[in-house]
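In: got a sequence here, can you build the structure:
(one chain, ligands or ions: 2)
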Amino acid sequence: MKICRGCGAVLQNENKQLPGYTPKEDSEYCQRCFRLIHYDDLTVSMKTGIDPDQVLSRIAETEGLILWVTDLFDFEAGMIPGLNRKLAGRDIIMAAAKRDILPETLNEEKIARFVFSRLKEMGIRIKGLVTVSALQGTGLDEIREAVRMNAKGRPVIVMGRANSGKSTLLNNLAGKNILTASRYPGTTLDFNTLVIDGQEYIDTPGIEIEKSLLMAVKESDLKEIIPSSELKPAVYQVNKDQSFAVGGLVRIDLAGCDHASCVFYMSDRLRIHRSKTEGADQLWQKHYGEMLKPVPVKKAFRTFTVRKDMDKMDIAVDGLGWACVSGQMRSITVRVPEGVNVTFRKAML
Ligand SMILES: Nc1nc2c(ncn2[C@@H]2O[C@H](COP(=O)(O)OP(=O)(O)OP(=O)(O)O)[C@@H](O)[C@H]2O)c(=O)[nH]1
Ligand SMILES: [Mg+2]
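Out: Ligands and ions are numbered 1, 2, ... in the order given. Next up, the predicted model:
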């Protein structure tokens, strides 16, 4: 049995539609990985392939130190409720990745404070935290040090939600691109061991992000939605009743505003359309899919209405980023594609 070095799937040359397919006898990579690496072309989508409980129970059965990779930009989507129960008695080090997407001026202490306070709210305990950026190559020495102190000769199991940056981090630690990494959630398909400087690491398939907007859109729209460089906040001053449409993906209505502001932390390739709330429905209906794009695959939306009960509050949408509202407002209504998770949290920045 030979395993694809890129995604961990068992190599086979029988069925093109199944993981691990390669037409070549002596290949080290499957055709899907080959095409992803060389042409950024997704031949077989694994969007809904991986059962979270199955991955977690396999991790629970595998001896080693847990390195939990989360995405600082998409932090809420990375959370795993009940993690300590599912991995009872295990040491967990968090690698908070994609640091380069957050503003450079944000200091590490503030990031750590945010992470620990969210984890406390979620009831999750970790042994240590390292912030990393694969793009800038920062935090790698700190990861090596945490591994040296805590692995104690055991393997390091690199786990986390799909797309959080696990395989990229391992490639960075290895100093070469061995594993397949891509913007498509569900790139890694099976457990995949590699040895870096004598230390064994196990890359694992991303735990499904079933409540993320990334799963509700066409794969060809991901490029626009996922930010690739430092966020440039889009700041709006708001008075009275104002609405914002983020493409045709999300709508935010802010009612009864007075000296209020709304700051979007999202990919700068997305268009934000602002209007008075009274004309917002009409605008949405008239321009949905045209001026307001991208749009989700299914035109079914769900609405949440809340009061602003904190001074500065983030409206975080899994997969999309967040909007930070401050100042006076009576209520906030958020419309997202059905099934997509929205978190109202204390401002991150
Ligand atoms: N800006 C930025 N992007 C990153 C960083 N690390 C990973 N990415 C991007 O995030 C996407 C997902 O990376 P992967 O390494 O494939 O993530 P994964 O967790 O292995 O994903 P699955 O195998 O699907 O679970 C890719 O487009 C990477 O280029 C980082 O530090 N900064
Ligand atoms: Mg991966």
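
In: give me the neighbour count for the residue in the chain that ligand 1 sits nearest to.
Out: Of all residues in the chain, Gly206 sits closest to ligand 1, at 2.0 Å by Cβ to the nearest ligand atom. C-betas here are computed from N, CA, C, even on glycine. Here the count is done by other Cβ atoms under 10 Å, and Gly206 has 26 residues near it.

In: now for it: which residues touch it?
Out: Ile50, Gly160, Arg161, Ala162, Asn163, Ser164, Lys166, Pro185, Gly186, Thr187, Thr188 (Cβ atoms under 8 Å, 6 or more residues apart in numbering).

In: could I get the pLDDT score of the second one?
Out: Predicted confidence (pLDDT) for Gly160: 97.

In: skipping adjacent residues, who's closest to it in space?
Out: Val69 (3.8 Å; Cβ to Cβ, 6 or more residues apart in numbering).

In: am I right that the one you found is in a strand?
Out: Yes. Assessed by DSSP: H, G, I helix; E, B strand; the rest coil, Val69 belongs to a strand.

In: so it bridges to which residues?
Out: Ala95 (DSSP bridges).

In: and it, how far from Gly78?
Out: 8 Å (Cβ to Cβ, to the nearest Å).

In: overlap in contacts of the two?
Out: With Cβ under 8 Å, 6+ apart as the test, Val69 and Gly78 both reach Gly160, Ser164.

In: tell me the spacing between the closest residue in space to Lys152 that isn't next to it in sequence and ligand 2.
Out: Leaving out its chain neighbours, the residue that sits closest to Lys152 by Cβ to Cβ, 6+ apart is Leu65, at 7.8 Å. Leu65 sits 18 Å away from ligand 2, going by Cβ to the ion, to the nearest Å.

In: list the contacts of Leu65.
Out: Counted by Cβ under 8 Å, 6+ apart, Leu65 has contacts Asp91, Ile93, Val147, Asn150, Ala151, Lys152, Arg154, Pro155, Val156, Ile157.

In: if we use 6 Å, what do you get?
Out: Listed by Cβ atoms under 6 Å, 6 or more residues apart in numbering, the contact set of Leu65 reads Asp91, Asn150, Ala151, Arg154, Val156.

In: include secondary structure and neighbour count when you put these into TSV, please.
Out: Converted to TSV, these look like this (DSSP: H, G, I helix; E, B strand; the rest coil; neighbours: other Cβ atoms under 10 Å):
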residue	secondary structure	neighbour count
Asp91	coil	16
Asn150	helix	17
Ala151	coil	19
Arg154	coil	15
Val156	strand	22
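
In: which of those residues lies closest to Leu135?
Out: Val156 (21.6 Å; Cβ to Cβ).

In: wait, isn't the closest one in contact with Leu67?
Out: Yes. Judged on Cβ atoms under 6 Å, Val156 makes contact with Leu67 at a distance of 5.3 Å.

In: thinking again about what came up before, check contacts around the residue nearest to Gly160.
Out: Per Cβ under 6 Å, 6+ apart, neighbours of Val69: Ala95, Ala97, Gly160, Ser164, Gly165, Lys166.

In: having no further points to raise, I will conclude here.
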